[in-house]
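model this:
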Amino acid sequence: MTTIPANRTRTDAVGSLTQEIRLRHVMRLRRQDDPRERRRVDRGAVVVAVVASVLSIAACAYFYRTGHLLGYHDTYSHLEISRRILVGRTTGIAQLGAIWLPLPHILQSLFAWNTTLYSTGLAGSIVSMVSFVACSVLIYRIVRVYSPDRVSPAYAGAAVFMLGANMLHHQSTSMDELPFYAFALAAAYGLIRWADTERPTYLLQASLASMLAMLCRYEGWFLAGLFTLIVPVIARRLGHSWPDTRGLTGMFAAFGLFTSSAGWMLYNWMIAGSPLNFLNGPNSSSDQMARRTTDVETGNIGKTLLAYGNALLAEHGLLVIAVALLGLVVFLAGERLSARSLPVLVLGAIMPFFLWTIYRGQAPIGMLPVNEYVLNARFALVGALPAAVLTGYLVSRLPRRVVPAAALTVIVGLAGLSITTFRTDALVSVREVTEDLSAQQDQVRVADFLAAQTDGPILLDLIGNERAAFPVLDRVIYDGTKIGRRNVWKQALESPRSVGARVVLMRGSGPRGTDAVFTALHGASAMDGSRVVYEADGYLVYQFLS
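Numbers count the residues shown, from 1 in each chain. Next up, the predicted model:
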């Protein structure tokens, strides 16, 4: 009879245990990749996608009827940039300009070439609506990572995003927040899945999503920087060696951070002559903020906190914020800063970033009672992303028997709050749009005149006159009008008729002050042979007699 040494028995036992751990890990990955499992998860995602689509279309139809698709001053700028890429006197990629990031405009240009979609604002609405559905599905998928065996918490998390009344309005507009939210969530989801499964494919997907988020809004640059910082932390917690960690971090940084930033600076250098034109060039945020003197929340931390806090309350409501904060406590206690928890915390860091930019005077916000007007309340809308995930997580950590009822309570409660908000006309985003529309009536009147009473090319300064140019954009000669190396704009400011202009619009007064055309041509000999055919609200419209 052969006797097995005791030390060999222990060695075999350790080896067997190691093999069992590895086998279980492989089986877990196989279950995650099992086609039947993917189909089960996809059914839930399909439910969320269908519900989000119905809500999106219904909201867009509602705000189309009430006249609130267009209204934000920036919606006209976004649509005009998108249309100029493919339609107008001069087309091409240079029409993107060098201030606003390009991706939302490129996406909108797929529809803005159509005059009906452009003039109604639906060209931008389509992009925002598709992004809204993508965001809803991504939130669902993120919560499912933390609750793989129960689907109802993921429904509750998605509902926080889908049923927000202000979010439903914003996804109906041509603004650029929704595409940014979609790519930011995609980046976070990729990192969470990488941390949960250790599959590097998800890290690559996250880096590509981060790259696209950076091309939507500048807070995406801050987000990409933080994502890059947590990649090595996650890698080390997953057991990667330092060489592997450096390689993984380098890969994410190359695609998720440096490609977009370097590409945008190169574009700015080629178009505007300075790689940092978007930071400090004409009409950049810093240039516009330097001309503002009434933002009392700037430089005052108390008023900054009050203004942004009131924006959060107005956008989401006290109940959603309270539940999200409770979810944050449970999330921190349950995850204990685990590798897969870090991307969610990074999403939440966008709000302190906004606080800093407002305090430093890099972006304005207006909220009662700090201000007498509403401005950029949408800066607080991003809070819906972490709030949705944290609410779903909170529901998933309740006792199993009460989870379905808790999820249903969240969904029904949010639906009730949203319906009440609509019925009482308490949407802060609609209030801001209404105030913007009221402030643009001078431009609306001159725009109507230009569209109905003039023909031929129109020379105007597009900055500050976006609403005036909106219905006649295809006839406009502006500061981006170039033919090859020839700068038509500069020539037009010296002699409008030499570039074929039949109409000249100039703004001589008003809240936006004088424009470049008034400064260059008012009273100049180059206007000889023209007559004033419209004068109101500080605007002068000249038409050449021949």
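
And stretch 257-264, what's buried?
For stretch 257-264, a neighbour-count test (16 or more other C-beta atoms under 10 Å) marks 257-260, 264 as buried. Placement of C-beta: from N, CA and C, glycine included.

Averaged pLDDT, that stretch. What do you get?
For stretch 257-264, mean pLDDT is 97.

before we move on, back to that, farthest-separated two in the buried residues of stretch 257-264?
For the buried residues of stretch 257-264, the farthest-apart pair by C-beta to C-beta is 257 and 264; their separation is 11.8 Å.

Identify the contacts common to those two.
Counting by C-beta atoms under 8 Å, 6 or more residues apart in numbering, the contacts common to residue 257 and residue 264 are residue 214.

Tell me which residue is most central in this protein.
residue 177 (2.0 Å; C-alpha atoms, centre = their mean).

What residues does that one make contact with?
Residues in contact with residue 177 (C-beta under 8 Å, 6+ apart) are 128, 170, 217, 378, 381-382.

And it, how close does it get to residue 170?
6 Å (C-beta to C-beta, to the nearest Å).

so what's in contact with those two at the same time?
Shared contacts of residue 177 and residue 170, counting by C-beta under 8 Å, 6+ apart, come down to 128, 378, 381.

ok, and the most crowded of those residues?
residue 128 (25 neighbours; other C-beta atoms under 10 Å).

Count the neighbours of the closest residue to residue 363 other than its chain neighbours for me.
Nearest non-adjacent residue to residue 363, counting by C-beta to C-beta, 6 or more residues apart in numbering: residue 357, 4.7 Å away. A count of neighbours around residue 357, defined by other C-beta under 10 Å, yields 20.

residue ranges with poor pLDDT in this protein?
The chain contains residues with pLDDT under 70 at 1-42, 484-485.

Out of the contacts of residue 177, flag the one nearest to residue 532.
Closest to residue 532 out of these is residue 378 (39.1 Å), distances taken as C-beta to C-beta.

Next up, the contacts around the closest one.
So residue 378 contacts 170, 175, 177, 315, 429, 432 (C-beta under 8 Å, 6+ apart).

As CSV, those with distance to residue 205 and secondary structure would be great.
Supplementary listing: the contacts of residue 378 in CSV, determined by distance: C-beta to C-beta, whole Å; DSSP: H, G, I helix; E, B strand; the rest coil:
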residue, distance to residue 205, secondary structure
170, 26, helix
175, 26, coil
177, 22, helix
315, 29, helix
429, 31, helix
432, 35, helix
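
Make a markdown table out of those residues and add distance to residue 100.
Shown next, in a markdown table, are the contacts of residue 378 (distance: C-beta to C-beta, whole Å):
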| residue | distance to residue 100 |
| --- | --- |
| 170 | 17 |
| 175 | 11 |
| 177 | 13 |
| 315 | 22 |
| 429 | 20 |
| 432 | 19 |
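
which among those residues gets closest to residue 97?
When those are ranked by distance to residue 97 (C-beta to C-beta), residue 175 comes first, at 16.3 Å.

My read is that that closest one contacts residue 124, right?
Yes: if you go by C-beta atoms under 8 Å, residue 175 and residue 124 touch, sitting 7.3 Å apart.

Now do the shared contacts for these two.
Shared contacts of residue 175 and residue 124, defined by C-beta under 8 Å, 6+ apart, are found at 75, 78.

Compare the two (neighbour count), which wins?
Neighbour tally, residue 175 and residue 124, criterion other C-beta under 10 Å: the higher count belongs to residue 124, 29 against 23.

That one - that's part of a strand, no?
No: Residue 124: not assigned to a strand; according to DSSP: H, G, I helix; E, B strand; the rest coil it is helix.

distance of residue 446 from residue 534?
Counting by C-beta to C-beta, the gap from residue 446 to residue 534 is 7 Å.

what do the two both touch?
residue 541.

When those two are compared, which one has more neighbours?
When neighbours are counted by other C-beta under 10 Å, residue 446 and residue 534 differ, and residue 446 comes out ahead with 25 against 18.

residues touching the closest residue to residue 94 other than its chain neighbours, list them.
Residue nearest to residue 94 in three dimensions, not counting chain neighbours: residue 271, with 5.7 Å by C-beta to C-beta, 6+ apart. Neighbour list for residue 271: 94, 97-98, 277 [criterion: C-beta under 8 Å, 6+ apart].

Please apply the same query to residue 125.
60, 69, 171-174.

can you point me to the longest helix in this protein?
If you go by DSSP state H, the chain has its longest helix at helix 35-66.

related to what we said a few turns ago, for the residue nearest to residue 363, give its distance to residue 237.
For residue 357, the distance to residue 237 equals 31 Å [C-beta to C-beta].

neighbours around the residue lying closest to residue 165 once chain neighbours are set aside, how many?
Excluding the flanking residues, the one nearest residue 165 by C-beta to C-beta, 6+ apart is residue 421, at 4.0 Å. Residues contacting residue 421 under the criterion other C-beta under 10 Å number 20.

do the one 10 residues further on as well
Summarising burial for residue 431: neighbours were counted as other C-beta under 10 Å, giving 17.

and it, what element?
Counting by DSSP states H and E, the element that carries residue 431 is helix 428-439.

I'd like to check the angle between that helix and helix 35-66, please.
Counting by axes from the mean of the first three to the mean of the last three C-alpha atoms, to 10 degrees, helix 428-439 lies at 40 degrees to helix 35-66.

next structured bit after helix 428-439?
Heading C-terminal from helix 428-439 (DSSP H and E), you reach helix 441-453.

Distance from that following helix to the middle of the chain?
Mean-position distance between helix 441-453 and its chain equals 31 Å (C-alpha atoms, centre = their mean, to the nearest Å).

Just the element for the residue nearest to residue 94, please.
Per DSSP H and E: helix 259-272 holds residue 271.

Pull the distance from that helix to the chain's centre.
Put simply, helix 259-272 sits 20 Å off its chain's centre (C-alpha atoms, centre = their mean).

one step back: okay, and the residue nearest to residue 363 sits in which element?
helix 350-359.

do residue 308 as well
Using DSSP H and E, residue 308 falls in helix 301-316.

Looks like residue 85 contacts residue 102 (just checking).
No: taking C-beta under 8 Å as the definition, residue 85 is not a contact partner of residue 102, at 9.4 Å.

what's the overlap in contacts for these two?
The contact sets of residue 85 and residue 102 overlap at residue 96 (C-beta under 8 Å, 6+ apart).
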